[in-house]
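> Sharing a model that was predicted from the sequence below.
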Amino acid sequence: MDAGKTTLAEGLLYTCGTIRKAGRVDHGDAFLDNGDMERKRGITIFSKQARIRWKDVDITLLDTPGHVDFSAEMERTLQVLDAAILVIDGSDGVQGDVYTLWRLLKRYEVPVFLFVNKMDQPVAEKEKLMQELKEQLDNGVVDFSDMGTATWQEEIAVCDEKLMERYLDGDPVEEEDVCELLASRKLFPCFFGSALKLNGIKELLDAVCKYTQRFRTTDAFGARVYKIARDAQGNRLTYLKITSGKLTVKDSFDQWNEKVNQIRLEKQGIDIARQQAELLALYSQINPHFLFNVLESIRMHCVLKKENETAAMVERLAILERQNVEWNTDDTTIEEEVSFIKAYLELQKYRFGDRLSYEIDVSKECQNVKIPKLALVTFVENSCVHGVEKKSVPCWIYLRVYWKENCLIMEVEDTGNGMDEDEVKLLNHRMNHVQIDDIRKKKHVGVLNACLRLKMATKDQVSFEMESEKGIGTFLVIRIPESAVL
């Protein structure tokens, strides 16, 4: 209790890029402790889950209560863990609650990483703490601060007789040795740091990804249930870890007279993915606020010198930049998005001159409909970059938004360079099946990013259909059912 477990969870989420800002228990804004009672009392009451990714390894993080009053909630979760991270307060050392958790982890044979937190406090002494951990928990607790050194290898070798014999014969300790010792609970890697200051978290993540053994699946379905709850509509939700095989909707379990009606991703997971998509979009945005003042100074200078065309160009650039900076929400109305598109296209006309013309037709009934910000303009930008720019003759860009057969229809058409059949087929597939991993490593606001945010905003009910012909142009139709409109 009070060792900093929630703070470490926040640090893991932040370091992996899952959340933009690490919350704090004392500020009441921790990401996983999102219940009113949890935030009021400053403790974790219910186990939560979140998906994080570190160096191409997907990790399901289960945050459990640390308070003794809610130990039953925590104990249920232990049965499904591949490994546990036991957080110890560096200023207090091994206390009674640590003994309780240690015994439970031993009972369920869970491999354990230790994270000694609050090492930034003056009373925290590393050498003293290591001695205490070895004496009161297990002699297999090994400091992983200096991995790879001779001392480190020797301490690991001592944990197993056969490994010790090999080590004395001149064989080094290998990665597989560490994995096996950890899985058999003969070795307990220990890390020191400060979760609040994000010290030691990257090293902990590296070790978890490197040394934790993954289960191997078989054809037969197997799973362990660790939590049962109900959603807002009263539907029963069963949280489980699949240990083998696969699970699909409509699968039946005759022995319990049960059937799988839905397989859900936790809303937290969806929110996390949406935040990551927004973050990827934000990476590309030049958003220093002082730029507005600079642009306005340039514009006024142009006005005074009666360079009206340049002044208008700078003013439109400021409009574009302000839209980038003001990302306080992911949603915007189509009317607002279209005004942004007009400013963008007018700016492009200075570049392309008579080579670019455009026409925008938005039904009045569609103007107040909300869509993800910068989604529609991304497709227009794509027409400019890949259509108009690559063609030397004059081109048109058409944007149409209207209702048809209970669907919101958004069309982007250009008479630009076009694409061949194979390119169109591939792009159609990628737009309709895009996942967060497909754009994780991209650092620009691209078509796939816009598609992903539209899919998330409409609960995957949006569809994309593109037609194109080389040298003729490209025609894109985006359809959103009325029931899925924001």
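Yep, that arrived.

> Identify each of the helices in the stretch 51-200 of the chain and give its residue range.
Ranges of helices within the stretch 51-200 of the chain are 71-78, 96-107, 126-136, 150-157, 161-168, 175-183, based on DSSP state H, counting those that start in this stretch.

> Save the ones you listed as a markdown table, and put in mean neighbour count and distance to residue 372 too.
No exception for glycine: its C-beta is placed from N, CA and C like everyone else's. Listed next are the helices of the stretch 51-200 of the chain as a markdown table, based on neighbours: other Cβ atoms under 10 Å; distance: least, Cβ to Cβ, whole Å:
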| stretch | mean neighbour count | distance to residue 372 |
| --- | --- | --- |
| helix 71-78 | 17 | 35 |
| helix 96-107 | 15 | 43 |
| helix 126-136 | 15 | 48 |
| helix 150-157 | 16 | 49 |
| helix 161-168 | 14 | 54 |
| helix 175-183 | 17 | 43 |
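
> For residue 484, which of those helices is the nearest?
helix 71-78 (34.6 Å; Cβ to Cβ).

> for the closest one, what is the average pLDDT?
Throughout helix 71-78, pLDDT has a mean value of 75.

> how many neighbours does the closest residue to residue 253 other than its chain neighbours have?
Distances taken as Cβ to Cβ, 6 or more residues apart in numbering put residue 259 closest to residue 253, at 7.4 Å, once the chain neighbours are dropped. Counted with other Cβ atoms under 10 Å, residues neighbouring residue 259 total 11.

> got a pLDDT number for residue 259?
Model confidence at residue 259 (pLDDT) stands at 75.

> With residue 246 instead?
For residue 246, the predicted pLDDT is 79.

> Could you pull up phi and psi at the nearest residue to residue 369 once chain neighbours are set aside?
Excluding its sequence neighbours, the residue lying closest to residue 369 (Cβ to Cβ, 6+ apart) is residue 334, at 5.1 Å. Backbone torsions of residue 334, given as degrees, to the nearest 10, read phi -60, psi -40.

> so how far is residue 107 from residue 334?
With the distance defined as Cβ to Cβ, to the nearest Å, residue 334 ends up 58 Å from residue 107.

> Dig out what the residue nearest to residue 253 forms beta bridges with.
residue 252 (DSSP bridges).

> do residue 143 as well
Beta-bridge partners of residue 143, as defined by DSSP bridges: residue 190.

> same deal with residue 331?
Beta-bridge partners, per DSSP bridges, of residue 331: residue 372.

> does it really touch residue 373, like I thought?
Yes - using Cβ atoms under 8 Å, residue 331 makes contact with residue 373 at a distance of 6.4 Å.

> For the two, indicate the residue with more neighbours.
Counted by other Cβ under 10 Å, residue 331 and residue 373 do not tie: residue 373 has more neighbours, with 24 against 14.

> Leaving out sequence neighbours, find the closest residue to that one.
Per Cβ to Cβ, 6+ apart, closest to residue 373 is residue 332, 4.3 Å.

> show me what contacts the one you found?
370-373 (Cβ atoms under 8 Å, 6 or more residues apart in numbering).

> By neighbour count, which of these wins?
In the contacts of residue 332, the most neighbours by other Cβ under 10 Å go to residue 371, 28 neighbours.

> contacting residues for it?
Residue 371 sits next to 331-334, 337, 454, 457, 486 when contact means Cβ under 8 Å, 6+ apart.

> out of these, who's nearest residue 50?
The closest of those, once distances to residue 50 are taken by Cβ to Cβ, is residue 457, at 20.9 Å.

> Quick check, that closest one in contact with residue 451.
No - using Cβ under 8 Å, residue 457 is not in contact with residue 451, being 10.8 Å away.

> Those two - which one has more neighbours?
residue 451 (25 against 21).

> how close does residue 4 get to residue 341?
48 Å.

> That should have said residue 147, apologies.
Taken as Cβ to Cβ, the span from residue 147 to residue 341 is 53 Å.

> and those two? which has more neighbours close in?
Per other Cβ under 10 Å, whichever of residue 147 and residue 341 has more neighbours is residue 341, with 22 against 16.
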